[in-house]
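K.L.:
got a structure for you, letters missing:
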C-alpha cells in the first residue's frame, strides 16, 4: 500500500509521539523500541538517540552497547546536541566503541559550539591536557569561561583555579574569589568550606570572620565534615560567635561519624 507524503508524515509523527509518550512514562519499552526503530532507519535524529538509549540500557530489547553507539553517532552526525555529547564521552572512555581521544575532542567541540556547557568544560580539559587536540591553555581558559557563564559549577570552580594561578589568563585573585562565591551560593558544600577557610586565614582573600562563619555554617548544614569540625571549634571557644558547648559537641560528633578528627585545623585564635 502506498502513502502520500502528507500521510507518511502523519504516520511518522504518530509513531514518534507514541514512542516519546511511552519513553517518558518509563514503561512499555518494547513499544518504545517498535515506535522509534523504523523512524531511526528513516533518519530521524531524535528517534536515533532514543533508540541508542534503548540499546544502551537494554530497555525493550537485549543490551548492545555497540548498536547503541552506532545509533548515537548517527544522531550526532545530524547535529543532535545530546547525542554529540554522549558520543564524545563514549569515545573518551571506550564505551561501545574503541577509545579514541581525537574523536572524543571532535564531538565535544561539536556539542560545545552548540552551547552544551558540560561539553565546553570537557573540551577545556582536553585542551589543558592535550587529549585528542594540541595542548592550548588559552583555548582551555576560553572554553572554561563559556561553560562557567552558563552556570556549569565544575567549570566555575576550575576557572577560579585558572584565575588564581594565572593559567591562560592574567592572575586575578578577586575574580577567582567571585567565581567560588557563585559556586558556593549554588550549594557546593566543599566550595562553601573552601571560602570559609580562605576568610578565616586570609588565604586568597582578606580575613573576614563574619563571612568565614557564614560559609562555614552553610557548609556544615550540608553535612560537610570539615566545616562541622571547624564550626564546632568556634562554638566551643567562642571565636566570632557566642559559645554553645552542646551544639559544638553535636557537631564534633557528626564530623566524627564521617571519620573526621576533632579540630584538625588550628585557628589564629588558639
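P.N.:
Arrived safely, thanks for sending. Here the structure is a predicted model, which is why all the values come from computation and not from measurement.

K.L.:
now for the helix or strand where residue 74 lies, which elements pack on it?
P.N.:
Using DSSP states H and E, the element containing residue 74 is helix 65-77. The contact analysis (3 or more CB pairs under 8 Å, 6 or more residues apart in numbering; DSSP states H and E) places helix 65-77 against helix 45-57, helix 81-93. Glycine gets a C-beta too; all of them are placed from N, C-alpha and C.

K.L.:
Which neighbouring elements make contact with the first one?
P.N.:
Which is helix 45-57. Counting by 3+ CB pairs under 8 Å, 6+ apart, helix 45-57 packs on helix 5-25, helix 29-42, helix 65-77, helix 81-93.

K.L.:
Redo the helices and strands packed on helix 65-77 as CSV? Include mean neighbour count and mean pLDDT.
P.N.:
What follows is the helices and strands packed on helix 65-77, written out as CSV (neighbours: other CB atoms under 10 Å; pLDDT from 0 to 100):
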stretch, mean neighbour count, mean pLDDT
helix 45-57, 23, 88
helix 81-93, 23, 97
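
K.L.:
and of those helices, who's closest to residue 239?
P.N.:
helix 81-93 (45.7 Å; CB to CB).

K.L.:
which residues sit against the closest one?
P.N.:
The contact list for helix 81-93 (CB atoms under 8 Å, 6 or more residues apart in numbering) reads 45, 48-49, 52, 69, 72-73, 75-76, 95-97, 99-101, 103-108, 110-111, 114-116, 118-119, 122, 131.

K.L.:
Give the next helix or strand downstream of that helix.
P.N.:
Downstream of helix 81-93, the first helix or strand assigned by DSSP H and E is helix 101-113.

K.L.:
which other residues reach the helix or strand following that following helix?
P.N.:
Later in the chain than helix 101-113, the nearest helix or strand by DSSP H and E is helix 117-129. The contact list for helix 117-129 (CB under 8 Å, 6+ apart) reads 84-85, 88-89, 92, 101, 104-105, 108-109, 111-112, 131-133, 135-137, 139-144, 146-147, 150-152, 154-155, 158.

K.L.:
filter the residues you listed to the buried ones?
P.N.:
Those of the contacts of helix 117-129 that meet the buried threshold are 84-85, 88-89, 92, 101, 104-105, 108-109, 111-112, 131-133, 139-144, 146-147, 152, 154-155, 158, by 16 or more other CB atoms under 10 Å.

K.L.:
on that earlier part again, any chance of TSV for the helices and strands packed on helix 65-77, columns distance to residue 171?
P.N.:
Output for the helices and strands packed on helix 65-77, formatted as TSV (distance: least, CB to CB, whole Å):
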stretch	distance to residue 171
helix 45-57	42
helix 81-93	31
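
K.L.:
nearest to residue 210, of the ones you listed?
P.N.:
helix 81-93 (41.6 Å).

K.L.:
The stretch 151-270 of the chain: helices as residue ranges?
P.N.:
153-165, 173-185, 189-201, 209-221, 225-237, 245-257 (DSSP state H, counting those that start in this stretch).

K.L.:
Just put those in a markdown table and tack on mean pLDDT.
P.N.:
Output for the helices of the stretch 151-270 of the chain, formatted as a markdown table (pLDDT from 0 to 100):
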| stretch | mean pLDDT |
| --- | --- |
| helix 153-165 | 96 |
| helix 173-185 | 94 |
| helix 189-201 | 95 |
| helix 209-221 | 97 |
| helix 225-237 | 95 |
| helix 245-257 | 95 |
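
K.L.:
Please tabulate those in a markdown table, including the columns distance to residue 35.
P.N.:
Shown next, in a markdown table, are these (distance: least, CB to CB, whole Å):
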| stretch | distance to residue 35 |
| --- | --- |
| helix 153-165 | 36 |
| helix 173-185 | 41 |
| helix 189-201 | 43 |
| helix 209-221 | 46 |
| helix 225-237 | 48 |
| helix 245-257 | 49 |
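
K.L.:
wait, isn't residue 95 in contact with residue 65?
P.N.:
Yes: in this structure, residue 95 is within contact of residue 65 by CB atoms under 8 Å, at 6.3 Å.
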